[in-house]
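Novice: predicted structure and sequence below. I'll ask about it afterward.
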Amino acid sequence: MEIPYNVEERQDTGMFNAKLGIWLFLASEVMLFGGLFSAYVFLRMGDVTGTFISGASELNIPLATFNTLVLISSSVTMIMSWVSLKLGEQKKFKTYLGTTLLLAGVFLVVKYFEYTAKFHHGIFPETSTFFAIYFTLTGLHMLHIIGGMVVIFYFLVPGSKMMNTESERFTNRIEIVGLYWHFVDLVWIFLFPVLYLL
Amino acid sequence: MLDLLRKYGLPINASSHGGAVDEVIVLFHWLMLFLFIGWGLFFIYTLIRFRASKNPKADYVGVKSHLSSGLEVAVAAIEFVILIGFAIPIWATRVNDVPNSATGAEEIRVIGQQFAWNIHYPGADGKFGNRDLKLVDEVSNPIGLDRSDLNGVDDFVTVNQLHIPVNKPIRIDLSSKDVIHSFSLPEFRVKQDAVPGMSIPVWFEANMTTDEYLQTVEGTDREGQGFEIACAQLCGLGHYRMKGFLTVHDNEGYAAWLDEQAEYLEEEGEDDDWGDDF
Amino acid sequence: MSGHSVEDIKKSVKVYIGVFAALAVLTVVTVAASYLDLSSGEAFFLAIIIASVKGTLVAGYFMHLFSEKTTVLAVLGLTFFFLIVIMFLPFMAFTDQAVI
Amino acid sequence: MSGQPDTHHEESFWRKYIFSIDHKVIGLQYGITALIFLFFGFCLMMMMRWQLAYPEQPMPWFGWLFGETGVMLPEMYNSLGAMHGTVMIFLGVVPLAVGAFGNYFVPLQIGAPDMAFPKLNMTSYWCYFAGGIVMMVGFFVPGGAANSGWTSYPPLADIATTGQTVWLFGMVLLITSSLLGSINTITTIVQLRAKGLTWMRLPFFVWSQFVTAFLLLLAFPPLEAAGVLQLMDRLLDTSFFLPSGLIVSGEVLNVSGGGSPLLWQHMFWFLAHPEVYVLILPAMGIVAEVLSNNTRKPLWGYKSIVYASSFLGFMSFIVWAHHMFMTGMGSTISAFFQTTTMIISVPSVVILTAMFISLWGASIRYNSAMLFALGFLPMFGIGGLTGLPLGIAASDIHLHDTYYVIGHFHYVVAPGTIFALFAGVYYWFPKMTGKTLNETLGKIHFWLSMIFINGIFMPMFVQGLAGVSRRLWDGGASYAHATDTLWLNEVMSASAWLLGLAQIPFIYNLIKSMKSGEKAESNHWDATTLEWTDAPSPPLPHRNFEVIPEVYRGPYEYSVPGADKDFTPQSEA
Ligand code: HEA
Ligand code: HEA
Ligand code: CUA
Ligand SMILES: [Cu+2]
């Protein structure tokens, strides 16, 4: 006996199961990052020595701006890949999803340079509470990027067989990956001004 | 009810605000007792009357009246009366109306550490000397008092010995050197966490001297044991023995004690700056 | 969004491109604004407002929240409320602290 | 996230019992693991009670655990205390209430073939299992298991021995497990309800699991964040929770400083207060099922209970700082939290009141399940009522961090939640195994437990009123103000050990009945809900029902006037 509403939508809720599942997951993610942002606010308000202001001024704004644009672009290619699937254009789908993966890679590389530059200047998490929260937030965000990349890679190569066997289900899955990916983008949209610009 | 609670543990109250705290405790225990007995009687009655052997056929509807909603509203109302009438005002006087030496209070600083209470008195000038991390020496200067600061010259520091005058507001600024402790005086209805990185004031007014108190415990198991400072927050393996002593003097006694401390300070010079009276 | 026809989807592609442009522009605006000589309070609000606009665009269009089902919206509404709580209540408690 | 096709080929032992994706097997796995942990937590506590009653005397029989002298050292006591709290809550009660009962009965009660995401379900169990193992590893690292209380307040926890790091890793796994589980539960309840099973026809147990899942979903992540921060503090020398200028054992602590210990407390209690309702809501759900079944009448005020529990869940997110009144809280914020705390007591009163009133006009069958459910009511009453003076900052001055608090919450969790869980075991055992438990043994178990559990916890209020602090290695022996109440320590400890003995009939009963109990009918208790009326006992592997049932009425249609029997199943047209 199949579990109902795995692929098709339930009438009264208008959703298939995984759609609700991913939204619930994202809700918990909101609270996870919310907790960390809360820590940021709390520590910043109690920061009498000004480490937050002086710390932020040591970050590389141009690089981060570039990274923001990279991530936004990857969000667009992500949604375009889903659109292509909907329209049945499988080639285009692969191109778009591949580009997303590539952009995510670019983001990581830039981040790598940012981190190593910091380490070279002797800046580590223990340097001040500002850098502690900076490394925690960006590090956790990076883990989310890496996780997303693994999943995207899966659907690009080994998992793409399903595209032909169960196309509706595959489209649903890509939609879900997309939701996750946009969320990761969204987190960065807040991380960027909070850490770099304020 | 107060007598009942006294019988079941609640210690004697030796501070001027303690009565208000006790009053809230008493009011709540009345509410609790009332609800518990009321529902308890109902409960037992139904259990007996509606057992299956006696009442083989259940009634689909059961209770029709909505009296219970009234009861719920009543409980909520009583809670709010206690909340607004007692709780919030009491807490406001606790944290907002903190006296200081200008308003006639005795100011003392207490610095917790694993596992002792350092008590810092301002000395005759009524001003606290600066403290400096670098000066901390666990044996000779546990709080890092800076003797070169003019205000600090006559300060003295005791360990685990808190002495206060009776019938005078006492303001204690609490802090901690290492982990969170909690400064608790059960007989005075005083409790306040000592959080490192913060200095938190707590105040009270004793209305019973240690001598008077000792008379009340004469002939009991507690005979001869005066007031104590307890640590209420887990602070490590010595948490259980982080005990201090509180002595409440009458005014002359307190003045005499202060003089004695000042003398110690002069005699022993800068190396050993707390009284060896423990 | 499986109910969408091909027409609808083609239309929404245009929207996605528009959103992309808006996001890019807003990113530049935030960065530019950070070089303005604003007080820290003003800077904070400006940055948060821009970020919120960007966030709304992403959530609303890319994540289809603007046309999402009530169940999801209800869950997110609840989450958002608690997000505000965890973000600001600890900090308010902190500022109300007896003496810091 | 895939549905499991209905495969009929024989599955290997591993597939069937270990890495099973059938919610019933996973439920049983959760149940057995949780019972073992519960028992383990209980053993930790019995050792602590020796030290409390007879401070510094070598422990009989188990003294070898503490080295040559056989005396439990303070470090060890603190470890046992922290681990007792952690094990009981995170490894015992929550997995039993949510993981076991929730997993097993939510799909059955809503007429679903399985949870929405079976593989995710398996992953949650294994995360939980791994978390449990990691927690246990703590006992074997240098310095012993975590010893800073289950609350792990920094700076103490930041500078504590390695066990604390292990504890944090364990918590991250347990949190992950709970998050995955709650996503699954909510999706299942929203998506997989049988035809006709509208929200107001859900058994209250399902409602309680639904609200609980939301608490887990939204309250746990901030603690996960806090756990990560504490790990950073411990492993990477950051100072999120360490202010500047700390001096630990005479040395200036070499960190940047600038953090705040109170930040941890906020993030911890943001979870831990909702967590206590995670402990109580499923218990209330079980009690509601057992109560209506054995009173043979509908639950009185079903709707008000549903609304009250949802409101309770909502409010539980905004009362947390009542655990922090003594951290120097100002008057505005404390007024806010005192008010919300008083407000949150009202829905509990509503729920309890409705349950009491349900008894009126009943035809009460006194079986073991019912006894435990009835026992729950006054015990939760005592626990809940003693929460009130704690919720007011003024009275909390005297009671905070004393045994009064310990008494308060043990009344809600031990004779409260644990009794409800026992009721659940007695009630659903016939469904899970197809056998019945022995009633006589069950009754002995109930009465002995009831007597001794009060013998443990009632004296705690007395000690608490006297001002005896909690977490004292010597049980207060070094304090003068504890003198008068010190003798109670022996009473409590003796009761605790006798309570341990009282569990023997239960454990024996479980094992014996599983092997050779009487056969149970599929609707053993003449109940109305789907798991009894439409699923065989034990339910079919891998799909629960022969045909997916359809629902026509509310959950507790007992003794409907004019009906031919005293229960009308939900699935009866
Ligand atoms: C299941 C767990 C559970 C539940 C349900 C509750 C319920 C409540 N708790 Fe409790 N609490 C804990 C578990 C729980 N608590 C734990 C574990 C701690 C300690 C943590 C630690 O520090 O380690 C704690 C600590 C704690 C504190 C902090 C104390 C301190 O540290 O100083 C406070 C303060 O407000 C509090 C308040 C309350 C209140 C107001 C309720 C209310 O929700 C209660 C409402 C219920 C009622 C009002 C009862 C209604 C019943 C009737 C009216 C019928 C009665 C009659 C008969 C039965 C005959 N609790
Ligand atoms: C769910 C939570 C829970 C439960 C159920 C219990 C149950 C018990 N607890 Fe505990 N306790 C805590 C949570 C819990 N506790 C917490 C959070 C703390 C604070 C820790 C801290 O300070 O950080 C604490 C602290 C605490 C202390 C204070 C320590 C101190 O401050 O120094 C004491 C003292 O007596 C105590 C005693 C007991 C006793 C006697 C029971 C008894 O009621 C036990 C009853 C248990 C049973 C009846 C279960 C029996 C089950 C079985 C036998 C299973 C059968 C097994 C199989 C079939 C395999 N507990
Ligand atoms: Cu200091 Cu406990
Ligand atoms: Cu609470």
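Specialist: In hand now; what should we look at? Since this is a predicted model, take the numbers as computed values, not measurements. Numbering: from 1, shown residues only, chains lettered A, B, ... in the order given. Ligands and ions are numbered 1, 2, ... in the order given.
Novice: ok, whichever residue of the stretch 101-250 of chain B sits closest to chain D - contacts?
Specialist: As assessed by C-beta to the nearest C-beta, chain D sits closest to B:Gly197 within the stretch 101-250 of chain B, at 2.5 Å. In short, each C-beta sits where N, CA and C put it, glycine included. By C-beta atoms under 8 Å, 6 or more residues apart in numbering or on different chains, the contact list for B:Gly197 reads D:Pro243, D:Ser244, D:Gly245, D:Leu246, D:Gly259, D:Ser260, D:Pro261.
Novice: does the lengthiest helix in chain C come close to chain A?
Specialist: Longest helix in chain C by number of residues, with DSSP state H as the criterion: helix C:6-35. Yes: remark: helix C:6-35 sits within contact range of chain A at C:6, C:9-10, C:12-13, C:16-17, C:19-20, C:23-24, C:27-28, C:30-31, C:33-34, by C-beta under 8 Å from any C-beta of the partner chain.
Novice: which helices and strands sit right next to the helix or strand of chain D with the lowest mean pLDDT?
Specialist: The helix or strand with the lowest mean pLDDT-type score in chain D, counting by mean pLDDT, DSSP states H and E, is helix D:13 (a mean of 71). Packing partners of helix D:13 (3 or more C-beta pairs under 8 Å, 6 or more residues apart in numbering or on different chains; DSSP states H and E): none among the helices and strands.
Novice: which is the next helix or strand following it?
Specialist: Downstream of helix D:13, the first helix or strand assigned by DSSP states H and E is helix D:23-53.
Novice: so is that next one next to ligand 2?
Specialist: Yes: residues of helix D:23-53 contacting ligand 2 under C-beta under 6 Å from any ligand atom: D:Leu35, D:Ile36, D:Leu38, D:Phe39, D:Phe42, D:Met45, D:Arg49.
Novice: and the gap between D:Ser522 and chain B?
Specialist: Going from D:Ser522 to chain B by C-beta to the nearest C-beta, to the nearest Å gives 22 Å.
Novice: picking that back up, for the longest helix of chain C, what is the average pLDDT?
Specialist: Averaged across helix C:6-35, the pLDDT comes to 86.
Novice: check which helices and strands that helix sits against.
Specialist: If you count contacts as 3+ C-beta pairs under 8 Å, 6+ apart, helix C:6-35 packs onto helix A:61-86, helix C:40-57.
Novice: most tightly packed of these?
Specialist: Of all the helices and strands packed on helix C:6-35, helix A:61-86 has the most neighbours on average by mean count of other C-beta atoms under 10 Å in any protein chain shown, namely a mean of 21.
Novice: now that one and helix C:40-57, what's the angle there?
Specialist: Going by axes from the mean of the first three to the mean of the last three C-alpha atoms, to 10 degrees, helix A:61-86 is angled at 20 degrees with respect to helix C:40-57.
Novice: does anything pack onto helix A:61-86? Which helices or strands?
Specialist: helix A:90-120, helix A:167-191, helix C:6-35.
Novice: quick one: closest of those to ligand 1.
Specialist: With C-beta to the nearest ligand atom as the measure, helix A:167-191 is the member of the helices and strands packed on helix A:61-86 nearest ligand 1 (32.3 Å).
Novice: buried ones in the closest one?
Specialist: Under the neighbour-count criterion of 16 or more other C-beta atoms under 10 Å in any protein chain shown, helix A:167-191 has A:169-191 buried.
Novice: distance between that helix and the chain's centre?
Specialist: Its chain's C-alpha centre and that of helix A:167-191 lie 8 Å apart, by C-alpha atoms, centre = their mean, to the nearest Å.
Novice: low pLDDT regions in chain A?
Specialist: Counting by pLDDT under 70, chain A has low-confidence residues at A:1.
Novice: now the residue in it positioned nearest to chain B, nearest residue through space, not along the chain?
Specialist: Going by C-beta to the nearest C-beta, chain B is nearest to A:Gly46 of chain A, at 8.6 Å. Using C-beta to C-beta, 6 or more residues apart in numbering or on different chains and skipping the chain neighbours, the partner closest in space to A:Gly46 is D:Ser260 (5.4 Å).
Novice: any idea how far the closest residue to D:Val25 other than its chain neighbours lies from D:Leu28?
Specialist: Nearest non-adjacent residue to D:Val25, counting by C-beta to C-beta, 6+ apart: D:Tyr17, 6.3 Å away. To D:Leu28, D:Tyr17 is 9 Å away according to C-beta to C-beta, to the nearest Å.
Novice: more neighbours: the two, which one.
Specialist: A direct count of neighbours by other C-beta atoms under 10 Å in any protein chain shown for D:Tyr17 and D:Leu28 places D:Leu28 higher, at 19 against 13.
Novice: against ligand 3, how distant is that one?
Specialist: According to C-beta to the nearest ligand atom, to the nearest Å, D:Leu28 stands 43 Å off from ligand 3.
Novice: same question, C:Phe45
Specialist: 43 Å.
Novice: equivalent analysis for D:Tyr426, please.
Specialist: On the measure of C-beta to the nearest ligand atom, D:Tyr426 and ligand 3 end up 42 Å apart.
Novice: D:Asp233 too?
Specialist: Applying C-beta to the nearest ligand atom, the value for D:Asp233 to ligand 3 is 20 Å.
Novice: and for B:Val157?
Specialist: Separation of B:Val157 from ligand 3 (C-beta to the nearest ligand atom) stands at 18 Å.
Novice: looking at this, that residue is in a strand?
Specialist: Yes: judged by DSSP: H, G, I helix; E, B strand; the rest coil, B:Val157 forms part of a strand.
Novice: gap between it and B:Gly144?
Specialist: The gap separating B:Val157 from B:Gly144 is 10 Å, by C-beta to C-beta.
Novice: who's more crowded, those two?
Specialist: A count of neighbours by other C-beta under 10 Å puts B:Val157 above the other of B:Val157 and B:Gly144, at 21 against 18.
Novice: contacts only, for residue 71.
Specialist: Picking chain A for this. In this structure, A:Leu71 makes contact with A:Leu103, A:Phe107, A:Val184, A:Asp185, A:Trp188, judged by C-beta under 8 Å, 6+ apart.
Novice: the intended chain is chain B.
Specialist: D:Thr353.
Novice: which one of the helices and strands packed on helix A:61-86 lies nearest to D:Gly70?
Specialist: Checking the helices and strands packed on helix A:61-86 against D:Gly70 by C-beta to C-beta gives helix A:90-120 as the closest, at 51.1 Å.
Novice: helices and strands around the closest one, which ones?
Specialist: Short answer (3+ C-beta pairs under 8 Å, 6+ apart): helix A:90-120 packs on helix A:61-86, helix A:129-156, helix A:167-191.
Novice: what mean pLDDT does the top helix by length along chain D get?
Specialist: Longest helix in chain D by number of residues (criterion: DSSP H): helix D:261-295. Averaging pLDDT along helix D:261-295 yields 93.
Novice: what angle separates the helix or strand just after that helix from helix D:261-295?
Specialist: The helix or strand immediately downstream of helix D:261-295 is helix D:302-315, counting by DSSP H and E. Orientation check (the same axes, to 10 degrees): helix D:302-315 against helix D:261-295 gives 170 degrees.
Novice: and helix D:302-315, which residues are buried?
Specialist: For helix D:302-315, burial by neighbour count (16+ other C-beta under 10 Å) applies to D:Tyr302, D:Ser304, D:Ile305, D:Val306, D:Ala308, D:Ser309, D:Phe311, D:Leu312, D:Gly313, D:Phe314, D:Met315.
Novice: D:Lys443 versus D:Ser449, what's the distance?
Specialist: Distance of D:Ser449 to D:Lys443, given as C-beta to C-beta: 11 Å.
Novice: show me what contacts residue 34?
Specialist: Chain wasn't specified; assuming chain A. Counting by C-beta under 8 Å, 6+ apart, A:Gly34 touches C:Phe82, C:Leu83, C:Ile86, C:Met87, D:Pro221, D:Pro222.
Novice: sorry, should have said chain D
Specialist: By C-beta under 8 Å, 6+ apart, D:Ala34 lies in contact with D:Leu91, D:Gly92, D:Val93, D:Pro95, D:Leu96, D:Gly99, D:Ala100.
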